[in-house]
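K.L.:
This is a predicted model, with the sequence first.
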Amino acid sequence: SIVGCPFSFSCKTPFSAGQRKAGVDKGPIHLVEAGLVDQLTEIGWKVKFDGHHQFEEVSAADDPQIGKLRNPRLVSRVTEAVAKAVGEHVQNGELPVTLGGDHSLAMGTISGTLSKYPDACVIWVDAHADINTPETTDSGNIHGMPVSFLLGLEGTKIPEFSWIKPLLTPDRLVYIGLRDIDDGEKKILKEHNIKAFSMHEVDKYGIGKVVELALDHVNAKRDRPIHLSFDVDAMDPTVAPSTGTPVRGGLTFREGHYICEAVQETGLLVAFDLVEVNPSLADAASVQATVAVGCSLVRAALGETLL
Ligand SMILES: N[C@@H](CSCCS(N)(=O)=O)C(=O)O
Ligand SMILES: [Mn+2]
Ligand SMILES: [Mn+2]
């Protein structure tokens, strides 16, 4: 099985230019300092921790907005570097675990996965769809746009992002946990017939059925590699409060873990992202709780079982 490889590669990507709130770049160090590397070793992984990625700064003066896009050159440069790093690790038969940092990183991580597994499917667990285009975005924050770039939607063919090969197709993408979608995004989801299980469906069917339906949609024969991109704000804010765009009515602790456990059980997981932990937005206890949930979700995705 794909996941049988013993190596997990932890890519600490302290990056925050895809949004405006300081602190999300400190997410990775908090997860590592909470002992995540040892925790993964204890469940049988050989972890190659290659340290915290450092990126060449691009000064604000050298990175003027492109239309509404904020920090476009910095985001492009960082995500291209992440794509290369993740791509190398999947080529080596390792399972990249990318700790963010904001969700714009997924332009890099998923590009990296697709470089080896062009038929991979993406399960996007999030309160948000992150599928705004440069035209539909109101905020200009690129962490709200990675999926549109990965799909190569209209308006995303910008020279600064020409490195992105839009290899992802709408039929291989599915969302779980949505509850805060912009009007422009709703239109895109409908136009492209993208499958999305919002919190309404989670309530209606239960998480077990939702994950089964999601896998049936993007991986009917259970033969496609899976890239699981998990935004911690998919969790209810009472469970993971320290994140930049919290939205009430999210996943319970168990629902979030069930998704990771069920994907792990397929034996098809080839890459995992845990993003948007921002340790500067809450009191110490809330930060600690968010970091602990983040570590626990990673462990669940990499095979920690309850029995
Ligand atoms: N849709 C909003 C919010 S996007 C939230 C991004 S994330 N990565 O889910 O926190 C926007 O485009 O700014
Ligand atoms: Mn997100
Ligand atoms: Mn989100």
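P.N.:
Everything's here; your move. Ligands and ions are numbered 1, 2, ... in the order given.
K.L.:
Return stretch 139-152 as PDB; C-alpha atoms alone will do.
P.N.:
Provided in PDB are the C-alpha atoms of stretch 139-152 (Å, rounded to 0.1, in the frame of the first residue of the first chain):
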ATOM      1  CA  SER A 139     -10.000  40.200   0.800                       C
ATOM      2  CA  GLY A 140      -7.100  39.700  -1.600                       C
ATOM      3  CA  ASN A 141      -5.800  37.100   0.800                       C
ATOM      4  CA  ILE A 142      -4.300  34.300  -1.200                       C
ATOM      5  CA  HIS A 143      -5.000  31.700   1.600                       C
ATOM      6  CA  GLY A 144      -8.600  32.000   0.300                       C
ATOM      7  CA  MET A 145      -7.600  31.100  -3.300                       C
ATOM      8  CA  PRO A 146      -5.300  28.100  -3.400                       C
ATOM      9  CA  VAL A 147      -7.900  25.700  -4.900                       C
ATOM     10  CA  SER A 148      -8.700  28.000  -7.800                       C
ATOM     11  CA  PHE A 149      -5.100  28.100  -8.800                       C
ATOM     12  CA  LEU A 150      -4.700  24.300  -8.500                       C
ATOM     13  CA  LEU A 151      -7.700  23.900 -10.800                       C
ATOM     14  CA  GLY A 152      -6.500  26.600 -13.200                       C
END
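K.L.:
Buried residues of that stretch, list them for me.
P.N.:
Buried residues in stretch 139-152, counted by 16 or more other CB atoms under 10 Å: 140-151. Heads up, the C-betas are built off the backbone N, CA and C, glycines and all.
K.L.:
Tally up the residues packed near residue 124, please.
P.N.:
The number of residues packed near residue 124 is 30, by other CB atoms under 10 Å.
K.L.:
Likewise for the one 4 residues further on?
P.N.:
Around residue 128 there are 25 other residues, counting by other CB under 10 Å.
K.L.:
distance of it from ligand 1?
P.N.:
According to CB to the nearest ligand atom, to the nearest Å, residue 128 stands 3 Å off from ligand 1.
K.L.:
Hmm, that residue is touching residue 189, no?
P.N.:
No. Using CB atoms under 8 Å, residue 128 is not in contact with residue 189; the gap is 11.8 Å.
K.L.:
Identify the contacts common to these two.
P.N.:
When CB atoms under 8 Å, 6 or more residues apart in numbering defines a contact, the residues bordering residue 128 and residue 189 alike are residue 181.
K.L.:
Which helix or strand contains residue 123?
P.N.:
In the assignment (DSSP states H and E), residue 123 maps to strand 121-125.
K.L.:
Next secondary structure element downstream of that strand?
P.N.:
Remark: after strand 121-125, the chain's next helix or strand is helix 146-151, criterion DSSP H and E.
K.L.:
hmm, who's touching that next one?
P.N.:
18, 103-107, 110-111, 122, 124, 129-133, 155-156, 161, 164, 166-170, 173, 188, 192.
K.L.:
Of these, keep whichever come out buried.
P.N.:
Burial by neighbour count, judged by 16+ other CB under 10 Å, picks out 18, 103-107, 110-111, 122, 124, 129-133, 156, 161, 164, 167-168, 170, 173, 188 from the contacts of helix 146-151.
K.L.:
so who does residue 233 touch?
P.N.:
For residue 233, the contact set (CB under 8 Å, 6+ apart) comprises 126-128, 240, 243-247, 250, 276.
K.L.:
neighbour-wise, which of the residues you listed leads?
P.N.:
Most surrounded of the contacts of residue 233: other CB under 10 Å gives residue 276, at 33 neighbours.
K.L.:
In a markdown table: the contacts of residue 233, plus pLDDT, distance to residue 99 and secondary structure.
P.N.:
A markdown table is the format used below for these (pLDDT from 0 to 100; distance: CB to CB, whole Å; DSSP: H, G, I helix; E, B strand; the rest coil):
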| residue | pLDDT | distance to residue 99 | secondary structure |
| --- | --- | --- | --- |
| 126 | 99 | 16 | coil |
| 127 | 99 | 19 | coil |
| 128 | 98 | 19 | coil |
| 240 | 98 | 14 | coil |
| 243 | 98 | 13 | strand |
| 244 | 97 | 15 | coil |
| 245 | 98 | 18 | coil |
| 246 | 98 | 19 | coil |
| 247 | 98 | 21 | coil |
| 250 | 98 | 20 | coil |
| 276 | 97 | 10 | coil |
